[in-house]
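Asks: Dropping a prediction and its sequence here:
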Amino acid sequence: MTNKSRLFNKERLEITINRLCHQLIENHNNFEDTVLIGLQPRGIYFLDRIKKNIINILNKEIKTGILDTTFYRDDFRSNEIPKARETLIPFLVDDKNVVIIDDVLFTGRTVRSAMEGIMNFGRPNKIELLVLIDRKYTRDIPVEPTYCGIKINTITSDKVEVNLAEQGFDNDNIWIINK
Amino acid sequence: MNKLISKDLLGIRNLSIEEINLIFETADKFKEVLNRPIKKVPSLRHLTIANVFFENSTRTKLSFELAQKRLSADVINFSSSVSSVKKGESLLDTINNILVMKVDMIVMRHPNPGATHFVARNIDASVVNAGDGTHEHPTQALLDAYTIREKFGKVKNKKIAIVGDISHSRVAISNIYALQKLGAEVMLCGPSTLIPKHIGLMGVRIENNIKKALEWCDIANVLRIQLERQNNKFFPSLREYSLFYGINKKLLDSINKDIVIMHPGPINRGVELNSDVADSNYSIILDQVENGVAIRMAVMYLLSLNKV
(Lines give C-alpha, C1' and ligand atoms only; values in the text may rest on other atoms or scores of the structure.)
Protein backbone atom coordinates (compact mmCIF):
# COMPACT_ATOMS: atom_id res chain seq x y z
CA MET A 1 0.00 0.00 0.00
CA THR A 2 1.27 3.47 -0.88
CA ASN A 3 1.25 6.05 1.89
CA LYS A 4 1.66 9.70 0.92
CA SER A 5 2.14 12.41 3.51
CA ARG A 6 2.87 16.11 3.07
CA LEU A 7 6.15 17.57 4.31
CA PHE A 8 5.64 21.15 3.07
CA ASN A 9 2.83 23.28 1.77
CA LYS A 10 3.27 26.84 0.46
CA GLU A 11 3.14 28.57 3.84
CA ARG A 12 5.40 26.10 5.61
CA LEU A 13 7.91 26.26 2.75
CA GLU A 14 8.00 30.05 2.94
CA ILE A 15 8.70 29.99 6.69
CA THR A 16 11.47 27.40 6.30
CA ILE A 17 13.16 29.23 3.41
CA ASN A 18 13.00 32.43 5.43
CA ARG A 19 14.67 30.69 8.35
CA LEU A 20 17.40 29.23 6.10
CA CYS A 21 18.07 32.70 4.67
CA HIS A 22 18.56 34.16 8.12
CA GLN A 23 20.94 31.32 9.02
CA LEU A 24 22.93 32.07 5.85
CA ILE A 25 23.09 35.78 6.70
CA GLU A 26 24.16 34.93 10.25
CA ASN A 27 27.19 33.04 8.87
CA HIS A 28 27.98 35.07 5.75
CA ASN A 29 27.24 38.66 6.87
CA ASN A 30 27.00 40.81 3.75
CA PHE A 31 27.83 38.00 1.24
CA GLU A 32 30.91 39.90 0.07
CA ASP A 33 32.92 36.65 -0.29
CA THR A 34 30.04 34.22 -0.62
CA VAL A 35 28.40 32.76 -3.72
CA LEU A 36 25.33 30.53 -3.94
CA ILE A 37 25.27 27.68 -6.46
CA GLY A 38 21.96 25.92 -7.19
CA LEU A 39 22.02 22.36 -8.54
CA GLN A 40 19.98 21.34 -11.56
CA PRO A 41 17.19 20.52 -11.86
CA ARG A 42 15.23 21.57 -8.76
CA GLY A 43 17.93 23.18 -6.62
CA ILE A 44 17.80 26.18 -8.96
CA TYR A 45 14.21 26.96 -7.92
CA PHE A 46 15.25 27.10 -4.26
CA LEU A 47 18.28 29.14 -5.23
CA ASP A 48 15.95 31.69 -6.85
CA ARG A 49 13.71 31.90 -3.81
CA ILE A 50 16.63 32.17 -1.40
CA LYS A 51 18.29 34.81 -3.57
CA LYS A 52 15.14 36.97 -3.69
CA ASN A 53 14.68 36.61 0.06
CA ILE A 54 18.28 37.57 0.90
CA ILE A 55 18.23 40.54 -1.51
CA ASN A 56 15.02 41.70 0.21
CA ILE A 57 16.61 41.49 3.63
CA LEU A 58 20.08 42.87 2.78
CA ASN A 59 18.94 45.21 0.04
CA LYS A 60 21.95 44.29 -2.16
CA GLU A 61 22.77 41.95 -5.03
CA ILE A 62 24.45 38.62 -4.33
CA LYS A 63 26.41 36.35 -6.67
CA THR A 64 24.67 33.14 -7.75
CA GLY A 65 25.24 30.41 -10.31
CA ILE A 66 23.67 27.17 -11.46
CA LEU A 67 25.45 23.86 -11.93
CA ASP A 68 24.48 20.69 -13.76
CA THR A 69 26.30 17.62 -12.43
CA THR A 70 25.53 15.23 -15.33
CA PHE A 71 29.11 15.19 -16.67
CA TYR A 72 30.51 14.45 -13.18
CA ARG A 73 28.22 11.56 -12.21
CA ASP A 74 29.82 8.35 -10.98
CA ASP A 75 26.98 6.13 -12.24
CA PHE A 76 27.81 6.84 -15.86
CA ARG A 77 28.16 3.16 -16.78
CA SER A 78 25.20 1.75 -14.90
CA ASN A 79 22.28 4.15 -15.00
CA GLU A 80 20.03 5.99 -17.35
CA ILE A 81 21.89 9.28 -17.66
CA PRO A 82 19.60 12.31 -18.00
CA LYS A 83 20.04 14.90 -20.71
CA ALA A 84 22.66 17.47 -19.72
CA ARG A 85 21.22 20.77 -18.51
CA GLU A 86 22.59 24.29 -18.37
CA THR A 87 25.52 25.31 -16.17
CA LEU A 88 26.03 29.03 -15.64
CA ILE A 89 28.69 30.20 -13.22
CA PRO A 90 29.90 33.51 -14.65
CA PHE A 91 32.64 34.08 -12.06
CA LEU A 92 35.61 32.33 -10.50
CA VAL A 93 35.12 30.74 -7.09
CA ASP A 94 38.75 31.30 -6.02
CA ASP A 95 38.80 32.16 -2.29
CA LYS A 96 34.99 32.35 -2.18
CA ASN A 97 32.69 30.67 0.30
CA VAL A 98 30.45 28.53 -1.88
CA VAL A 99 27.04 27.41 -0.68
CA ILE A 100 25.63 24.53 -2.73
CA ILE A 101 21.82 24.55 -2.76
CA ASP A 102 19.68 21.51 -3.56
CA ASP A 103 16.20 20.25 -2.77
CA VAL A 104 16.84 16.77 -1.36
CA LEU A 105 19.96 15.17 0.13
CA PHE A 106 19.71 11.42 -0.45
CA THR A 107 22.82 9.30 -1.17
CA GLY A 108 25.20 12.27 -1.24
CA ARG A 109 26.53 11.32 -4.69
CA THR A 110 25.06 14.39 -6.44
CA VAL A 111 26.77 16.64 -3.89
CA ARG A 112 30.08 14.85 -4.48
CA SER A 113 29.69 15.42 -8.23
CA ALA A 114 28.77 19.05 -7.57
CA MET A 115 31.92 19.61 -5.49
CA GLU A 116 34.02 18.16 -8.33
CA GLY A 117 32.24 20.46 -10.77
CA ILE A 118 32.72 23.54 -8.62
CA MET A 119 36.47 22.89 -8.34
CA ASN A 120 36.62 23.48 -12.12
CA PHE A 121 35.76 27.12 -11.51
CA GLY A 122 38.64 27.73 -9.09
CA ARG A 123 39.68 26.86 -5.55
CA PRO A 124 36.97 27.91 -3.12
CA ASN A 125 37.84 28.94 0.42
CA LYS A 126 35.07 26.76 1.78
CA ILE A 127 32.10 24.76 0.51
CA GLU A 128 28.85 24.49 2.47
CA LEU A 129 25.66 22.61 1.68
CA LEU A 130 22.10 23.81 2.05
CA VAL A 131 19.26 21.36 1.45
CA LEU A 132 15.57 21.65 2.03
CA ILE A 133 15.15 17.99 2.93
CA ASP A 134 17.77 15.73 4.48
CA ARG A 135 16.86 12.04 4.13
CA LYS A 136 18.66 10.45 7.04
CA TYR A 137 20.10 6.90 6.95
CA THR A 138 20.31 6.77 3.13
CA ARG A 139 23.83 8.09 2.60
CA ASP A 140 26.37 6.24 0.40
CA ILE A 141 29.01 8.93 0.94
CA PRO A 142 29.85 10.86 4.13
CA VAL A 143 28.17 14.13 3.14
CA GLU A 144 26.18 16.17 5.66
CA PRO A 145 24.31 19.45 5.17
CA THR A 146 25.44 22.69 6.79
CA TYR A 147 21.90 24.10 6.63
CA CYS A 148 18.78 21.97 6.47
CA GLY A 149 15.05 22.69 6.13
CA ILE A 150 13.83 19.42 7.60
CA LYS A 151 15.40 16.07 8.51
CA ILE A 152 13.28 13.00 7.81
CA ASN A 153 13.74 9.30 8.43
CA THR A 154 13.36 7.34 5.23
CA ILE A 155 14.33 4.04 3.70
CA THR A 156 15.77 3.73 0.21
CA SER A 157 12.46 2.71 -1.36
CA ASP A 158 10.71 5.86 -0.11
CA LYS A 159 10.33 8.71 -2.55
CA VAL A 160 10.28 12.45 -1.99
CA GLU A 161 8.10 14.25 -4.52
CA VAL A 162 8.78 17.97 -4.99
CA ASN A 163 6.02 19.91 -6.76
CA LEU A 164 6.71 23.63 -7.08
CA ALA A 165 4.85 26.49 -8.71
CA GLU A 166 7.97 27.08 -10.89
CA GLN A 167 7.49 23.62 -12.40
CA GLY A 168 3.93 24.51 -13.45
CA PHE A 169 2.07 23.10 -10.44
CA ASP A 170 -0.84 25.11 -8.98
CA ASN A 171 0.80 25.30 -5.59
CA ASP A 172 3.95 24.29 -3.72
CA ASN A 173 3.69 20.83 -2.20
CA ILE A 174 6.39 18.43 -1.08
CA TRP A 175 5.39 14.88 -0.26
CA ILE A 176 7.00 11.75 1.07
CA ILE A 177 5.71 8.56 -0.45
CA ASN A 178 6.22 5.21 1.35
CA LYS A 179 5.69 2.17 -0.84
CA MET B 1 15.49 11.42 -26.37
CA ASN B 2 18.76 11.45 -24.44
CA LYS B 3 21.01 9.25 -26.56
CA LEU B 4 21.70 8.42 -30.21
CA ILE B 5 19.91 5.49 -31.81
CA SER B 6 22.91 3.84 -33.47
CA LYS B 7 26.15 2.72 -31.82
CA ASP B 8 28.07 4.55 -34.57
CA LEU B 9 28.11 7.93 -36.28
CA LEU B 10 28.86 7.07 -39.88
CA GLY B 11 27.03 9.83 -41.71
CA ILE B 12 24.29 12.43 -41.50
CA ARG B 13 22.06 10.55 -43.93
CA ASN B 14 20.66 8.22 -41.29
CA LEU B 15 20.50 10.72 -38.42
CA SER B 16 17.08 12.03 -37.42
CA ILE B 17 16.37 15.73 -36.81
CA GLU B 18 15.88 14.88 -33.12
CA GLU B 19 19.33 13.28 -32.99
CA ILE B 20 20.93 16.31 -34.66
CA ASN B 21 19.21 18.63 -32.18
CA LEU B 22 20.28 16.42 -29.27
CA ILE B 23 23.91 16.67 -30.49
CA PHE B 24 23.55 20.48 -30.73
CA GLU B 25 22.02 20.82 -27.26
CA THR B 26 24.74 18.64 -25.76
CA ALA B 27 27.40 20.63 -27.63
CA ASP B 28 25.97 23.82 -26.06
CA LYS B 29 26.73 22.33 -22.63
CA PHE B 30 30.25 21.29 -23.67
CA LYS B 31 30.92 24.72 -25.13
CA GLU B 32 30.25 26.12 -21.68
CA VAL B 33 32.71 23.56 -20.24
CA LEU B 34 35.35 24.72 -22.74
CA ASN B 35 35.10 28.25 -21.41
CA ARG B 36 35.80 27.28 -17.80
CA PRO B 37 39.17 27.74 -16.12
CA ILE B 38 39.46 23.93 -16.03
CA LYS B 39 38.16 22.75 -19.40
CA LYS B 40 37.73 19.11 -18.58
CA VAL B 41 34.98 16.77 -17.38
CA PRO B 42 35.44 13.16 -16.21
CA SER B 43 32.56 11.70 -18.26
CA LEU B 44 34.58 9.33 -20.47
CA ARG B 45 37.33 8.45 -18.01
CA HIS B 46 36.34 4.79 -18.38
CA LEU B 47 36.91 4.72 -22.14
CA THR B 48 39.88 4.32 -24.43
CA ILE B 49 39.46 5.80 -27.89
CA ALA B 50 41.67 5.13 -30.90
CA ASN B 51 42.06 7.71 -33.65
CA VAL B 52 42.74 5.62 -36.73
CA PHE B 53 43.70 7.81 -39.66
CA PHE B 54 44.47 6.27 -43.03
CA GLU B 55 44.59 9.72 -44.60
CA ASN B 56 46.27 12.98 -43.60
CA SER B 57 44.52 15.34 -41.25
CA THR B 58 45.50 18.24 -39.03
CA ARG B 59 42.35 19.98 -37.85
CA THR B 60 40.00 17.00 -37.57
CA LYS B 61 42.54 14.81 -35.79
CA LEU B 62 43.55 17.58 -33.37
CA SER B 63 39.93 18.45 -32.75
CA PHE B 64 38.95 14.83 -32.02
CA GLU B 65 41.97 14.32 -29.79
CA LEU B 66 41.31 17.50 -27.85
CA ALA B 67 37.63 16.56 -27.49
CA GLN B 68 38.63 13.12 -26.16
CA LYS B 69 41.07 14.64 -23.68
CA ARG B 70 38.50 17.21 -22.51
CA LEU B 71 36.20 14.25 -21.78
CA SER B 72 39.00 12.47 -19.85
CA ALA B 73 39.15 9.49 -22.23
CA ASP B 74 42.44 7.69 -22.82
CA VAL B 75 43.59 8.28 -26.37
CA ILE B 76 45.80 6.38 -28.77
CA ASN B 77 46.69 7.60 -32.23
CA PHE B 78 47.29 5.48 -35.27
CA SER B 79 48.57 6.80 -38.55
CA SER B 80 48.69 4.43 -41.53
CA SER B 81 51.78 6.06 -43.01
CA VAL B 82 53.96 4.78 -40.16
CA SER B 83 52.19 1.48 -39.48
CA SER B 84 52.04 -2.17 -40.51
CA VAL B 85 49.46 -1.27 -43.15
CA LYS B 86 52.57 -0.49 -45.18
CA LYS B 87 53.53 -4.17 -44.70
CA GLY B 88 50.21 -5.32 -46.15
CA GLU B 89 47.98 -5.77 -43.10
CA SER B 90 44.26 -5.70 -43.94
CA LEU B 91 41.94 -2.97 -42.65
CA LEU B 92 39.94 -5.28 -40.41
CA ASP B 93 43.06 -6.97 -39.04
CA THR B 94 44.48 -3.58 -38.13
CA ILE B 95 41.25 -2.52 -36.39
CA ASN B 96 40.84 -5.84 -34.55
CA ASN B 97 44.42 -5.67 -33.31
CA ILE B 98 43.71 -2.24 -31.89
CA LEU B 99 40.41 -3.35 -30.34
CA VAL B 100 41.87 -6.41 -28.64
CA MET B 101 44.00 -4.02 -26.58
CA LYS B 102 40.72 -2.99 -24.83
CA VAL B 103 39.87 0.00 -26.98
CA ASP B 104 36.21 1.06 -26.73
CA MET B 105 35.69 3.47 -29.60
CA ILE B 106 37.25 4.04 -33.01
CA VAL B 107 37.46 7.39 -34.77
CA MET B 108 38.39 6.60 -38.33
CA ARG B 109 39.36 8.41 -41.51
CA HIS B 110 39.90 6.44 -44.69
CA PRO B 111 40.34 7.35 -48.37
CA ASN B 112 37.75 4.77 -49.51
CA PRO B 113 34.04 5.67 -49.38
CA GLY B 114 32.20 3.21 -47.15
CA ALA B 115 35.31 1.99 -45.30
CA THR B 116 33.92 3.15 -41.93
CA HIS B 117 30.60 1.40 -42.66
CA PHE B 118 32.47 -1.83 -43.40
CA VAL B 119 34.42 -1.58 -40.14
CA ALA B 120 31.34 -0.63 -38.08
CA ARG B 121 29.44 -3.67 -39.42
CA ASN B 122 32.22 -5.98 -38.35
CA ILE B 123 33.02 -4.78 -34.84
CA ASP B 124 31.06 -4.19 -31.63
CA ALA B 125 32.86 -0.98 -30.67
CA SER B 126 31.44 2.41 -31.68
CA VAL B 127 32.84 3.92 -34.86
CA VAL B 128 32.89 7.63 -35.63
CA ASN B 129 33.45 8.52 -39.25
CA ALA B 130 36.06 11.26 -39.49
CA GLY B 131 35.77 11.24 -43.29
CA ASP B 132 35.51 8.30 -45.70
CA GLY B 133 36.79 9.25 -49.14
CA THR B 134 34.30 11.39 -51.05
CA HIS B 135 31.36 9.98 -49.10
CA GLU B 136 30.59 11.64 -45.73
CA HIS B 137 32.25 13.72 -43.02
CA PRO B 138 29.44 13.93 -40.46
CA THR B 139 31.15 15.83 -37.65
CA GLN B 140 32.22 18.57 -40.09
CA ALA B 141 28.63 18.99 -41.29
CA LEU B 142 27.37 19.03 -37.71
CA LEU B 143 29.84 21.70 -36.68
CA ASP B 144 29.04 23.74 -39.81
CA ALA B 145 25.29 23.62 -39.10
CA TYR B 146 25.93 24.28 -35.40
CA THR B 147 28.00 27.36 -36.26
CA ILE B 148 25.21 28.65 -38.53
CA ARG B 149 22.70 28.03 -35.71
CA GLU B 150 24.96 29.91 -33.32
CA LYS B 151 25.40 32.86 -35.70
CA PHE B 152 21.77 33.20 -36.83
CA GLY B 153 19.86 31.52 -33.98
CA LYS B 154 18.47 28.92 -36.40
CA VAL B 155 19.28 27.02 -39.58
CA LYS B 156 15.71 26.83 -40.89
CA ASN B 157 14.98 28.91 -44.01
CA LYS B 158 18.61 30.01 -44.34
CA LYS B 159 20.08 29.94 -47.82
CA ILE B 160 23.47 28.28 -48.00
CA ALA B 161 25.66 28.11 -51.09
CA ILE B 162 28.32 25.41 -51.07
CA VAL B 163 31.01 26.64 -53.42
CA GLY B 164 33.83 24.81 -55.14
CA ASP B 165 34.90 21.23 -55.62
CA ILE B 166 31.65 19.37 -54.91
CA SER B 167 32.54 16.09 -56.66
CA HIS B 168 35.50 15.36 -54.41
CA SER B 169 33.88 16.65 -51.25
CA ARG B 170 32.56 14.55 -48.39
CA VAL B 171 31.92 17.84 -46.58
CA ALA B 172 29.46 18.87 -49.29
CA ILE B 173 27.44 15.63 -49.12
CA SER B 174 27.20 15.65 -45.32
CA ASN B 175 26.37 19.37 -45.34
CA ILE B 176 23.56 18.88 -47.84
CA TYR B 177 21.98 16.17 -45.65
CA ALA B 178 22.38 18.15 -42.42
CA LEU B 179 21.23 21.51 -43.75
CA GLN B 180 18.22 20.09 -45.58
CA LYS B 181 17.14 18.10 -42.51
CA LEU B 182 17.29 21.32 -40.50
CA GLY B 183 15.14 23.16 -43.04
CA ALA B 184 17.73 25.20 -44.95
CA GLU B 185 17.88 25.72 -48.71
CA VAL B 186 21.08 24.55 -50.36
CA MET B 187 22.72 25.66 -53.58
CA LEU B 188 25.87 24.17 -55.10
CA CYS B 189 28.13 26.44 -57.07
CA GLY B 190 31.21 25.59 -59.10
CA PRO B 191 32.38 24.70 -62.58
CA SER B 192 30.23 21.94 -64.15
CA THR B 193 33.23 19.62 -64.12
CA LEU B 194 33.30 19.74 -60.30
CA ILE B 195 29.57 19.21 -59.78
CA PRO B 196 28.41 15.57 -59.93
CA LYS B 197 25.96 14.89 -62.73
CA HIS B 198 22.93 13.70 -60.76
CA ILE B 199 23.38 15.66 -57.53
CA GLY B 200 20.32 17.75 -58.38
CA LEU B 201 18.30 14.68 -57.32
CA MET B 202 19.20 15.58 -53.72
CA GLY B 203 16.94 18.63 -54.06
CA VAL B 204 19.67 21.23 -54.30
CA ARG B 205 19.92 24.19 -56.66
CA ILE B 206 22.86 24.28 -59.05
CA GLU B 207 24.55 27.49 -60.14
CA ASN B 208 27.70 27.97 -62.19
CA ASN B 209 28.03 31.71 -61.69
CA ILE B 210 29.65 32.64 -58.38
CA LYS B 211 28.22 36.16 -58.32
CA LYS B 212 24.65 34.89 -58.75
CA ALA B 213 25.23 32.30 -56.02
CA LEU B 214 26.51 34.93 -53.59
CA GLU B 215 23.59 37.25 -54.40
CA TRP B 216 21.20 34.39 -53.56
CA CYS B 217 22.72 33.08 -50.33
CA ASP B 218 22.97 34.15 -46.68
CA ILE B 219 25.99 31.94 -46.09
CA ALA B 220 28.68 30.71 -48.47
CA ASN B 221 30.47 27.56 -47.38
CA VAL B 222 33.58 27.62 -49.54
CA LEU B 223 35.27 24.27 -50.13
CA ARG B 224 38.91 23.62 -50.62
CA ILE B 225 40.15 22.71 -54.07
CA GLN B 226 41.42 19.23 -53.31
CA LEU B 227 44.71 19.24 -55.12
CA GLU B 228 45.44 15.66 -53.98
CA ARG B 229 42.34 14.33 -55.73
CA GLN B 230 42.84 16.14 -59.07
CA ASN B 231 44.35 13.31 -61.12
CA ASN B 232 42.32 14.45 -64.09
CA LYS B 233 42.24 18.10 -65.01
CA PHE B 234 38.82 19.49 -64.05
CA PHE B 235 39.76 23.09 -64.82
CA PRO B 236 42.59 24.55 -66.90
CA SER B 237 44.62 26.07 -64.05
CA LEU B 238 44.39 27.21 -60.42
CA ARG B 239 44.76 30.77 -61.66
CA GLU B 240 41.74 30.40 -63.92
CA TYR B 241 39.72 28.76 -61.11
CA SER B 242 40.62 31.61 -58.82
CA LEU B 243 39.59 34.18 -61.45
CA PHE B 244 36.15 32.62 -61.95
CA TYR B 245 35.37 31.17 -58.51
CA GLY B 246 37.77 32.74 -56.03
CA ILE B 247 35.99 34.89 -53.44
CA ASN B 248 37.61 38.21 -52.62
CA LYS B 249 36.52 41.41 -50.90
CA LYS B 250 35.95 43.20 -54.20
CA LEU B 251 33.46 40.52 -55.24
CA LEU B 252 31.66 40.61 -51.88
CA ASP B 253 31.49 44.42 -51.95
CA SER B 254 29.95 44.28 -55.42
CA ILE B 255 26.92 42.23 -54.31
CA ASN B 256 25.69 44.86 -51.86
CA LYS B 257 24.58 42.35 -49.25
CA ASP B 258 26.06 40.99 -46.02
CA ILE B 259 26.88 37.32 -46.27
CA VAL B 260 28.79 35.02 -43.98
CA ILE B 261 31.77 33.02 -45.23
CA MET B 262 32.59 29.53 -43.97
CA HIS B 263 35.38 27.14 -44.94
CA PRO B 264 36.12 23.66 -43.56
CA GLY B 265 39.88 24.25 -43.89
CA PRO B 266 42.63 24.07 -44.79
CA ILE B 267 42.27 27.16 -46.97
CA ASN B 268 44.17 27.48 -50.21
CA ARG B 269 44.64 31.22 -49.81
CA GLY B 270 44.44 33.04 -53.11
CA VAL B 271 42.71 30.10 -54.79
CA GLU B 272 39.15 29.60 -53.45
CA LEU B 273 39.37 32.36 -50.82
CA ASN B 274 41.42 35.53 -50.60
CA SER B 275 43.00 36.64 -47.34
CA ASP B 276 40.98 39.87 -47.41
CA VAL B 277 37.88 37.69 -46.93
CA ALA B 278 39.26 34.81 -44.86
CA ASP B 279 40.56 37.19 -42.19
CA SER B 280 37.67 39.65 -42.35
CA ASN B 281 34.45 40.11 -40.38
CA TYR B 282 32.62 38.17 -43.10
CA SER B 283 34.36 35.01 -41.95
CA ILE B 284 33.27 32.65 -39.17
CA ILE B 285 35.95 30.09 -40.08
CA LEU B 286 37.64 30.18 -36.67
CA ASP B 287 34.23 29.81 -34.95
CA GLN B 288 33.81 26.60 -36.96
CA VAL B 289 37.13 25.27 -35.64
CA GLU B 290 36.25 26.22 -32.05
CA ASN B 291 32.80 24.62 -32.30
CA GLY B 292 34.35 21.47 -33.75
CA VAL B 293 35.69 20.44 -30.36
CA ALA B 294 32.32 20.90 -28.63
CA ILE B 295 30.47 19.01 -31.38
CA ARG B 296 32.93 16.11 -31.27
CA MET B 297 32.71 16.00 -27.48
CA ALA B 298 28.92 15.80 -27.80
CA VAL B 299 29.05 13.02 -30.42
CA MET B 300 31.48 10.82 -28.47
CA TYR B 301 29.71 11.48 -25.16
CA LEU B 302 26.32 10.52 -26.63
CA LEU B 303 27.71 7.42 -28.38
CA SER B 304 29.35 6.30 -25.15
CA LEU B 305 25.91 6.24 -23.48
CA ASN B 306 24.99 3.42 -25.85
CA LYS B 307 27.79 1.28 -24.48
CA VAL B 308 26.33 1.20 -20.96
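Replies: Right, received. Where do you want to start?
Asks: Give me the longest helix you can find in chain A.
Replies: helix A:10-28 (DSSP state H).
Asks: Now tell me what touches it from outside.
Replies: The contact list for helix A:10-28 (C-beta atoms under 8 Å, 6 or more residues apart in numbering or on different chains) reads A:8, A:31, A:34, A:46, A:49-50, A:53-54, A:57-58, A:97, A:99, A:128, A:130, A:132, A:147, A:149-150, A:171-174. C-beta here means a position set from N, CA and C on the backbone, and glycine is covered the same way.
Asks: Where does pLDDT dip in the stretch 1-150 of chain B?
Replies: In the predicted model, the stretch 1-150 of chain B carries pLDDT under 70 at residues B:82-86.
Asks: Regarding the residue nearest to the spatial centre of chain A, what is its secondary structure?
Replies: Centrality entry for chain A: nearest residue to the mean C-alpha point is A:D102, 1.1 Å, by C-alpha atoms, centre = their mean. Secondary structure assignment for A:D102 (DSSP: H, G, I helix; E, B strand; the rest coil): strand.
Asks: quick one: the lengthiest strand in chain A near chain B?
Replies: Of all the segments of type strand in chain A, defined by DSSP state E, the longest one is strand A:126-136. No - contact between strand A:126-136 and chain B is absent, the nearest approach being 15.9 Å (criterion: C-beta under 8 Å from any C-beta of the partner chain).
Asks: Leaving out the residues flanking it, which one is nearest to A:V111?
Replies: Nearest-residue entry for A:V111: A:V143, 4.8 Å, with adjacent residues in sequence omitted and distances by C-beta to C-beta, 6 or more residues apart in numbering or on different chains.
Asks: Sorry, slip of the keys, the one I care about is B:I17.
Replies: Excluding the flanking residues, the one nearest B:I17 by C-beta to C-beta, 6+ apart is B:K181, at 5.3 Å.
Asks: roughly how far out does stretch B:66-78 sit from the chain middle?
Replies: When distances are taken as C-alpha atoms, centre = their mean, to the nearest Å, stretch B:66-78 is centred 19 Å away from the chain's centroid.
Asks: start to end distance for that stretch?
Replies: Taking C-alpha to C-alpha, to the nearest Å as the measure, stretch B:66-78 stretches 15 Å from start to finish.
Asks: Buried residues of it, list them for me.
Replies: Buried positions in stretch B:66-78, judged by neighbour count with 16 or more other C-beta atoms under 10 Å in any protein chain shown: B:L66, B:A67, B:Q68, B:K69, B:R70, B:L71, B:A73, B:D74, B:V75, B:F78.
Asks: Could you identify the most distant pair in the residues you listed?
Replies: Using C-beta to C-beta, these span at most 20.4 Å, a distance reached by B:R70 and B:F78.
Asks: how about the residues of chain A near chain B?
Replies: So chain A meets chain B at A:68, A:70-72, A:76-89, A:92, A:116, A:119-122 (C-beta under 8 Å from any C-beta).
Asks: Of those residues, which qualify as buried by neighbour count?
Replies: The neighbour-count test (16+ other C-beta under 10 Å) marks A:68, A:70-72, A:76, A:81, A:84-85, A:87, A:89, A:116, A:119-122 as buried among these.
Asks: Would you check those and say which has the weakest pLDDT?
Replies: Least confident entry in those, by pLDDT: A:F76, with 71.
Asks: does the closest residue to chain A within the stretch 151-300 of chain B sit in a helix or strand, and which one?
Replies: Relative to chain A, the nearest point of the stretch 151-300 of chain B is B:A298 (9.0 Å; C-beta to the nearest C-beta). Assigned by DSSP states H and E, B:A298 belongs to helix B:285-305.
Asks: list the buried ones in that helix?
Replies: B:285, B:287-289, B:291-304.
Asks: residues near residue 19, how many?
Replies: Picked chain A for this. 12 (other C-beta atoms under 10 Å in any protein chain shown).
Asks: wrong chain, I was asking about chain B
Replies: Neighbour tally, B:E19, other C-beta under 10 Å: 19.
Asks: show me what contacts the nearest residue to B:E185 once chain neighbours are set aside?
Replies: Spatial nearest neighbour of B:E185, excluding adjacent residues (C-beta to C-beta, 6+ apart): B:K159 at 4.9 Å. B:K159 sits next to B:A184, B:E185, B:M187, B:W216, B:C217, B:D218, B:I219 when contact means C-beta under 8 Å, 6+ apart.
Asks: re the thing from before, which ones among the buried ones among the residues of chain A next to chain B are found in helices?
Replies: Those of those lying in helices (DSSP H): A:E116.
Asks: May I ask which two of the buried ones among the residues of chain A next to chain B are separated the most?
Replies: Farthest pair in these, by C-beta to C-beta: A:I81 and A:G122, 26.5 Å.
Asks: Enumerate the residues of chain B near chain A.
Replies: So chain B meets chain A at B:2-3, B:22, B:25-26, B:28-29, B:32-33, B:36-38, B:40-43, B:46, B:301, B:305, B:308 (C-beta under 8 Å from any C-beta).
Asks: Show residues contacting stretch B:184-191.
Replies: B:145, B:148, B:155-166, B:172, B:175-176, B:179-180, B:195, B:199, B:203-210, B:213, B:216-217, B:234-235, B:241, B:244-245.
Asks: How far away from the center of its chain is that stretch?
Replies: Worked out by C-alpha atoms, centre = their mean, stretch B:184-191 lies 17 Å from the chain centre.
Asks: same deal with stretch A:57-71?
Replies: 11 Å.
Asks: got the contact list for residue 144?
Replies: I'll assume chain A. Contacts of A:E144 by C-beta under 8 Å, 6+ apart are A:L129.
Asks: oops, I was thinking of chain B
Replies: Applying C-beta under 8 Å, 6+ apart, the residues contacting B:D144 are B:V171, B:N175, B:A178, B:N221, B:M262, B:P264, B:Q288.
Asks: Does the second one touch B:I162 like I think?
Replies: Yes - here B:N175 lies in contact with B:I162, judged by C-beta atoms under 8 Å, at a distance of 5.9 Å.
Asks: Could you list the low-pLDDT ranges of chain A?
Replies: A:77-79.
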